[in-house]
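Enquirer: Using only what follows, build the 3D model:
(one chain, ligands or ions: 1)
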Amino acid sequence: MNVLIMGYGKMGHEIEAVLRERGHRIVARIDEKPGLGDATIPTEKHLTEAEVAIEFSQPPAVVPNAKLYAKAKIPAVVGTTGWKASEEEVKRIVLDAGIAYLRASNFSIGAHLFFALAEEAARMIQSLPQYDVLLYEIHHNQKKDSPSGTALTAADRILHALPRKKRIVTEKLDRKIEPDELHVASVRGGAVPGIHTVLLDSEADTIEITHSARSRKGFALGAVLAAEWIIGKKGFLSVEDFIKDLFLKGR
Ligand SMILES: NC(=O)c1ccc[n+]([C@@H]2O[C@H](COP(=O)([O-])OP(=O)(O)OC[C@H]3O[C@@H](n4cnc5c(N)ncnc54)[C@H](O)[C@@H]3O)[C@@H](O)[C@H]2O)c1
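Expert: Below you'll find the model as predicted:
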């Protein structure tokens, strides 16, 4: 497929590598910083040639870029985070133009596999009161937020599947944890790209489900697979729409 790379920073470079590995053609690498990519804005020719755009840019770029995709009628896969406030506006642009637009804050297939396993495990222990569940995550010393978005997504999925847990607690506890609380702990240090563990624990044994990220490549592969999937689709789509199909393919 012919792909327009929008945002040629760290993720844009990873996307380029995965596209080349999978035999796709890159129409152009666009970055607002002059000299970084092939152009600072896409030309008419780029937009005509592109079958899909993959965007990992910065939040202010998301709305103007959505307008470009709408005008050119090309689908887009967008990994940029931090634009929740513009979501309704982008949705309207996409639906008015009748294009497909898939956004996700986490494109790692492995992370989605981890969410699905954690949710299923939580569902299974609903009828096994001897098992408790907790979650912890480890990240490098540069990470600004805690808990990670990935940990919060996993925790939400556990709460959804296990009605006896009602609340997430993330703070340091100076008291006993309540049975209906799910503790999510964060540890920071070193260069760890991200480790998330769900622990199912009983007096008899422990079961651990762990996702360890090694690099950004997992995000890039997920976004490229999503771009392959989105061609021919329509709507303001979430990563779950794509993951659902991906996981069903093997059944
Ligand atoms: N969804 C995921 O799985 C996932 C994974 C990693 C990073 N991210 C997110 O992706 C985004 C990019 O991450 P990064 O690590 O590559 O950051 P980065 O800063 O290295 O790259 C972003 C690039 O976008 C460029 N840019 C800004 N405005 C632009 C515009 N209007 N048109 C074209 N290019 C523009 C910047 O000049 C920069 O080079 C961030 O929002 C990050 O949080 C998402």
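Enquirer: Stretch 238-251 vs the ligand: in contact?
Expert: No: if you take C-beta under 6 Å from any ligand atom as the test, stretch 238-251 misses the ligand, and the best it gets is 8.2 Å. Where you see a C-beta, it was placed from the backbone N, CA and C, and this is true even at glycine.
Enquirer: Run through who's touching that stretch.
Expert: Contacts to stretch 238-251, defined as C-beta atoms under 8 Å, 6 or more residues apart in numbering, come from residues 102-104, 106-107, 109, 112-113, 116, 222, 225-226, 229-230.
Enquirer: Quick check, Ile209 in contact with Thr197.
Expert: Yes: using C-beta atoms under 8 Å, Ile209 is in contact with Thr197, at 6.9 Å.
Enquirer: can you pull out the helices in the protein?
Expert: Using DSSP state H, the helices of the chain run over 10-21, 44-49, 62-72, 87-97, 109-124, 149-161, 217-230, 239-249.
Enquirer: can you tell which of these is closest to Gln130?
Expert: Among these, the nearest to Gln130 by C-beta to C-beta is helix 109-124 (12.4 Å).
Enquirer: any idea how far the closest one is from the chain center?
Expert: Here helix 109-124 is found 14 Å from its chain centre; the criterion is C-alpha atoms, centre = their mean, to the nearest Å.
Enquirer: List the buried residues for that helix?
Expert: Ile109, Gly110, Ala111, His112, Phe114, Phe115, Ala118, Glu119, Ala121, Ala122 (16 or more other C-beta atoms under 10 Å).
Enquirer: Specify the angle between it and helix 149-161 in degrees.
Expert: If you take axes from the mean of the first three to the mean of the last three C-alpha atoms, to 10 degrees, helix 109-124 sits at 30 degrees to helix 149-161.
Enquirer: how about helix 109-124, does it reach the ligand?
Expert: No: for helix 109-124, no contact with the ligand is found by C-beta under 6 Å from any ligand atom; the gap never falls below 8.3 Å.
Enquirer: Return that helix as CSV; C-alpha atoms alone will do.
Expert: The C-alpha trace of helix 109-124 is given here as CSV (Å, rounded to 0.1, in the frame of the first residue of the first chain):
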residue,chain,number,x,y,z
ILE,A,109,-0.5,-5.7,19.9
GLY,A,110,1.2,-7.4,22.9
ALA,A,111,-0.4,-4.8,25.3
HIS,A,112,-3.8,-5.6,23.9
LEU,A,113,-3.2,-9.3,24.3
PHE,A,114,-2.2,-8.5,27.9
PHE,A,115,-5.4,-6.5,28.5
ALA,A,116,-7.5,-9.4,27.1
LEU,A,117,-5.7,-12.0,29.2
ALA,A,118,-6.0,-9.9,32.3
GLU,A,119,-9.7,-9.4,31.7
GLU,A,120,-10.3,-13.1,31.1
ALA,A,121,-8.3,-14.0,34.2
ALA,A,122,-10.4,-11.6,36.3
ARG,A,123,-13.6,-13.0,34.9
MET,A,124,-12.4,-16.6,35.8
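Enquirer: Done for today, thanks.
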